[in-house]
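**Student:** Quick one: sequence and predicted model below, then my questions.
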Amino acid sequence: MRNRTFAALAFLVAIAVIAASRFVSNDYFFSAAYTVLQFIILATAWNILGGYTGYVNFGSAAFFAVGAYTTVFLYKAAQPPLPVMIAAGTVVAGLLGLMVGYLTLRMRGVFFAIATLALAVVLYTFVLNWDYVGGARGAYILQPRLVPFGLPRYVHLLYAAMVLMAVLALVVARAIETSFIGRGLAAIRDDEVAAECAGVPTLRLKLFSATVSGALMGMAGTTFPYYLSYVEPSAAFNLSYAVNSIAMPLIGGMTSWLGPLIGAVLLGSVQQVVQVTVSSAWNLLIVGVLLVAFVTLAPNGIMGWIDAWRHRRRRGP
Amino acid sequence: MEFPTALVLNAIVAGLLLGGFYAAVSVGISISFGMLDVVNIAHPAFIILGSYVAYSFNDRMGVDPIVVSIVLSPLFFAFGLLLYRIYYQCFEKRGQESLRGLAFFFGILFITEVVLVLVFGVDYRLVGTAYSSTTLHLGAVDFPLRLAVPFVVAVTMVVCVQLYLSRTFFGRAVLAVAQDQLALRLMGVNPIRVKEFAFALSIATAGVAGALLIVIQPVQPAIGREYIGLVFAVCVLGGMGSIWGTLLGALILGLAESFTSTFFGPSWAPAVSFGILLAALAFKPSGLLGR
């Protein structure tokens, strides 16, 4: 399927999903769906740098929080409309991604992973000490009383925005994957030196993939302050975002855009169910256990199973 | 303004005492990451586990946490053996250690933390020892025993590890594995057994370091994360796989943190270790005493 056809179809699906949810009256549905959609964006974004390019980013929470705190900053400064905040958070997180991309110049493999983790803590400390955006006390964000488009509640608008953003992330990921950029990134992942020797513009590709990945993660965070009405640093920089955005692609499969989607929907829904029926500590435990189980037992994730099954069927019994 | 001599002296002493403790925290990473190339990102979680083990015994029986940790270190050693077995079978043997091995340890880190939360809750726990509240004074300089005792134990442990590695036959085998695994295999030694042993040793040091941590400050399951950057910063700053470098790097970091919290406030302290780590990674990846 060509990318344009895919994009058109995907946005049609998004509009259908948004329209269909008008018939849902249960408010819990929207908050659960919001969380799952947020994870779809994070997992897809992580996969662009982690899965396609092979650079493990432990700092997803930092990008997410940069998006969230850009919104907080703009809210305190000027209160622009929501689309402006989303765009601003995306751009700022993209710039951070570009910076992280330059880190790959000197650091490969493990060192890069640790550096991203270090970056998250440094940024966390800065936000913790930055009084304008609330510092350690956190900041309150009031949802506007008037909801546009005749939607009954503000969370419905956030949900619709999240559906559109998730579809955008998937379209971008698929476009990268199927283009020459995706092949270049795969070459970097498999053997960076060989790729460089073969004439792949490795630095430009890495910068591009780090920027896009960071920007999308930041985008996922931009609506977060409105969703909770209250942000504090330890919520926005929560390590569970980093773990989830790594676990979901690994569980789903990292070589295609479908993997993170499957992983995020599966793991996100399981977490919602467990959170409601058992407790939130247990749902984090489940993420950890599933992550460890999948990397040890099924290193290629669910997509790996599907590929193996297809392969067997093609060959015949 | 008058130069604050007492303040600076106290900051130096506190920094050095803290640095000794940091050496105990990072010596395990220096072995596993620096020598064996096993990126045990879960090391800080095992340190917190050590804290809670020491806490449980101290709480129930009133035993000194450091004594508990030394007596129980074979248990941590055995756990390390098991963990490396799994890691080797699942990742190193298949050549997938870079991405999936990292994710594996990240998952282990998370599981350890959540299990501790489920068992002990998120409250801060602390221990009472005979020396917790005593402070020695030397002129204007304070030596709180709460910091000084862990410092002595930590430096002793680090020196013992270094002597063990450089003086004994098995210790030298570990250093050999760090240099050239293939050559070791050609000499008729099984490098996997050596690595298994060395990794177990690194986990055993985490158990002891955990007891030191809970003597120094109250412990809560999530504080392990703050030490992830610290241990890698010390390891990279000192030079990969150099134990003396680890000690030096730890002392530098202790001083830097102590000065930051004295002059800028304690909430800035975590940024220091990570900032130093970023700088070390970007500008001098081979470290101060690197190979």
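**Tutor:** All right, it came through fine.

**Student:** got any ranges where the chain has weak pLDDT?
**Tutor:** Using chain A. Where chain A drops to pLDDT under 70, the residues are A:316-317.

**Student:** that's the wrong chain, I wanted chain B
**Tutor:** For chain B, the ranges with pLDDT under 70 are B:1-2, B:96-97, B:285, B:287-291.

**Student:** Now with 80, please.
**Tutor:** Residue ranges of chain B with pLDDT under 80: B:1-5, B:92-99, B:128-142, B:225-226, B:229, B:240-241, B:265-275, B:277-291.

**Student:** hey, where'd the strands end up in chain B?
**Tutor:** Remark: strands assigned in chain B by DSSP state E are B:135-138, B:141-144.

**Student:** Out of the ones you listed, which is the most enclosed?
**Tutor:** Among the strands of chain B, strand B:141-144 has the highest mean neighbour count (mean count of other C-beta atoms under 10 Å in any protein chain shown), at a mean of 16. (Each C-beta comes from the backbone N, C-alpha and C, glycine too.)

**Student:** Give me the contact list for it.
**Tutor:** Under the criterion C-beta atoms under 8 Å, 6 or more residues apart in numbering or on different chains, residues B:Ala6, B:Leu9, B:Asn10, B:Val13, B:Leu17, B:Thr134, B:Thr135, B:Leu136, B:His137 lie in contact with strand B:141-144.

**Student:** Make JSON lines out of these and add distance to chain A.
**Tutor:** Below are the contacts of strand B:141-144 laid out as JSON lines (distance: C-beta to the nearest C-beta, whole Å):
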{"residue": "B:Ala6", "distance to chain A": "27"}
{"residue": "B:Leu9", "distance to chain A": "27"}
{"residue": "B:Asn10", "distance to chain A": "23"}
{"residue": "B:Val13", "distance to chain A": "25"}
{"residue": "B:Leu17", "distance to chain A": "23"}
{"residue": "B:Thr134", "distance to chain A": "32"}
{"residue": "B:Thr135", "distance to chain A": "29"}
{"residue": "B:Leu136", "distance to chain A": "33"}
{"residue": "B:His137", "distance to chain A": "33"}
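
**Student:** do stretch A:101-110 and chain B meet?
**Tutor:** Yes. Stretch A:101-110 reaches chain B (C-beta under 8 Å from any C-beta of the partner chain) through A:Leu103, A:Arg106, A:Met107, A:Gly109, A:Val110.

**Student:** of these, buried ones?
**Tutor:** Applying 16 or more other C-beta atoms under 10 Å in any protein chain shown to the residues of stretch A:101-110 next to chain B, the neighbour count classes A:Leu103, A:Met107, A:Gly109, A:Val110 as buried.

**Student:** Show me these that map onto helices.
**Tutor:** Among those, the ones falling in helices (DSSP state H) are A:Leu103, A:Val110.

**Student:** TSV for the buried ones among the residues of stretch A:101-110 next to chain B, including distance to B:Thr205?
**Tutor:** Output for these, formatted as TSV (distance: C-beta to C-beta, whole Å):
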residue	distance to B:Thr205
A:Leu103	30
A:Met107	26
A:Gly109	24
A:Val110	20
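
**Student:** which one of the buried ones among the residues of stretch A:101-110 next to chain B is nearest A:Val231?
**Tutor:** A:Leu103 (26.7 Å; C-beta to C-beta).

**Student:** Leaving out the residues flanking it, which one is nearest to the closest one?
**Tutor:** In space, and not counting its chain neighbours, A:Leu103 is closest to A:Ala115: 5.5 Å by C-beta to C-beta, 6 or more residues apart in numbering or on different chains.

**Student:** try A:Leu207
**Tutor:** A:Gly101 (3.9 Å).

**Student:** quick revisit: now the residue nearest to A:Leu103: which helix or strand?
**Tutor:** Using DSSP states H and E, A:Ala115 maps to helix A:110-128.

**Student:** List the buried residues for that helix?
**Tutor:** So for helix A:110-128, counting by 16+ other C-beta under 10 Å, buried means A:110-125, A:127-128.

**Student:** now stretch B:276-287
**Tutor:** Those would be B:Ile276, B:Leu277, B:Leu278, B:Ala280, B:Leu281, B:Gly287, for stretch B:276-287 by 16+ other C-beta under 10 Å.

**Student:** where along the stretch 151-300 of chain A do the strands fall?
**Tutor:** In the stretch 151-300 of chain A, the segments counted as strands under DSSP state E, counting those that start in this stretch are A:230-231.

**Student:** Contact residues of it facing chain B?
**Tutor:** Counting by C-beta under 8 Å from any C-beta, the stretch 151-300 of chain A comes close to chain B at A:239, A:243, A:246-247, A:250, A:281-282, A:284-285, A:287-289, A:291-292, A:295-296, A:299.

**Student:** Now, the residues you listed that are in helices?
**Tutor:** A:239, A:243, A:246-247, A:250, A:281-282, A:284-285, A:287-289, A:291-292, A:295-296.

**Student:** which pair in the residues you listed spans the largest distance?
**Tutor:** So, those by C-beta to C-beta: farthest apart are A:Ala281 and A:Thr296, at 23.0 Å.
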